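A.B. asks: The sequence and its predicted three-dimensional model are supplied below.
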Amino acid sequence: MMNVNSIRIIRIGFFSAVFATAMMGCGGSGGGSKQSGGAAQPVSSAAEVASSNFFNVKQATIVYRHVVGNQQITVVFDDYGAKMRIEGGYAMYIFDEKAGTAFECNVLSKTYKPTTIAACHVERRLFKMAVTDRDAELGGLTVSKETIAGKECSVHTLARGATHTSTGGWNGIVFLTTMDGSDVMRAISFSETAAADFLKIPEGYTKE
């Protein structure tokens, strides 16, 4: 039986975070990034709150398949990422920067509790394609193209010794992470839509 701790979103996103950190050496450093004038720039959580354009499309629903337990991760956002819901394993994060609300839900116990916008930003950054093709090439990464979930994505591959890691994305959204040619996380469906009620705590959940 799988240990549920291994499928918490912050854990399943660890590979993405490590690879994003490696790529940030091409154009910036620190927690998360923002593209400006074609270059990746570091961004603080406070600055993220002030900006409504974290992603490059207004709204989206993305379903990913993750290698851990062949599970699904579902991401829904609106207002370019200022409003977002991330669900995978037993964890769910729901936040609205403009309203100043943020919640962490436990899918197994069907409970929820308030959390911080900054904590939700940690999860959101895992789905951000932080580096432009130009910056990736300048940093020594190989850039290629692959159609994923119907979108032509840029794929940045980093070779370190015998290890090859890749991150692919479209319009600032991560669609793919791989290690040595094997998928870690891949988008299997994408639409530029968001359900009207995606920010609501699911029915039947109680506050911790």
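C.D. replies: Looks like it arrived, so ask away.

A.B. asks: all strands of the chain, in order?
C.D. replies: For the chain, strands defined by DSSP state E occupy the ranges 33-36, 39-42, 60-66, 71-78, 83-88, 91-96, 101-106, 111-114, 142-148, 151-160, 163-170, 173-179, 182-191, 206-207.

A.B. asks: Between those strands, which one is closest to residue 200.
C.D. replies: For the strands of the chain, the distance to residue 200 is smallest for strand 91-96, at 8.0 Å, taking Cβ to Cβ. For every residue, glycine as well, the C-beta is placed using N, CA and C.

A.B. asks: Show residues contacting that closest one.
C.D. replies: Strand 91-96 is touched from outside by 8-10, 82-87, 101-107, 115, 117, 119-120, 123, 198-201, with contacts defined as Cβ atoms under 8 Å, 6 or more residues apart in numbering.

A.B. asks: still on that earlier bit, can you put the strands of the chain in JSON lines and add mean neighbour count and distance to residue 129?
C.D. replies: Formatted as JSON lines, the strands of the chain follow (neighbours: other Cβ atoms under 10 Å; distance: least, Cβ to Cβ, whole Å):
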{"stretch": "strand 33-36", "mean neighbour count": "18", "distance to residue 129": "9"}
{"stretch": "strand 39-42", "mean neighbour count": "18", "distance to residue 129": "10"}
{"stretch": "strand 60-66", "mean neighbour count": "19", "distance to residue 129": "12"}
{"stretch": "strand 71-78", "mean neighbour count": "20", "distance to residue 129": "13"}
{"stretch": "strand 83-88", "mean neighbour count": "23", "distance to residue 129": "16"}
{"stretch": "strand 91-96", "mean neighbour count": "22", "distance to residue 129": "19"}
{"stretch": "strand 101-106", "mean neighbour count": "19", "distance to residue 129": "23"}
{"stretch": "strand 111-114", "mean neighbour count": "13", "distance to residue 129": "29"}
{"stretch": "strand 142-148", "mean neighbour count": "13", "distance to residue 129": "12"}
{"stretch": "strand 151-160", "mean neighbour count": "17", "distance to residue 129": "8"}
{"stretch": "strand 163-170", "mean neighbour count": "20", "distance to residue 129": "3"}
{"stretch": "strand 173-179", "mean neighbour count": "22", "distance to residue 129": "5"}
{"stretch": "strand 182-191", "mean neighbour count": "17", "distance to residue 129": "11"}
{"stretch": "strand 206-207", "mean neighbour count": "9", "distance to residue 129": "35"}
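
A.B. asks: With distance to residue 134 and mean pLDDT as extra columns, can I get those in a markdown table?
C.D. replies: As requested, the strands of the chain are exported to a markdown table (distance: least, Cβ to Cβ, whole Å; pLDDT from 0 to 100):
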| stretch | distance to residue 134 | mean pLDDT |
| --- | --- | --- |
| strand 33-36 | 10 | 36 |
| strand 39-42 | 8 | 36 |
| strand 60-66 | 24 | 96 |
| strand 71-78 | 26 | 95 |
| strand 83-88 | 28 | 96 |
| strand 91-96 | 31 | 96 |
| strand 101-106 | 34 | 97 |
| strand 111-114 | 41 | 97 |
| strand 142-148 | 9 | 97 |
| strand 151-160 | 10 | 94 |
| strand 163-170 | 15 | 93 |
| strand 173-179 | 18 | 94 |
| strand 182-191 | 23 | 95 |
| strand 206-207 | 47 | 97 |
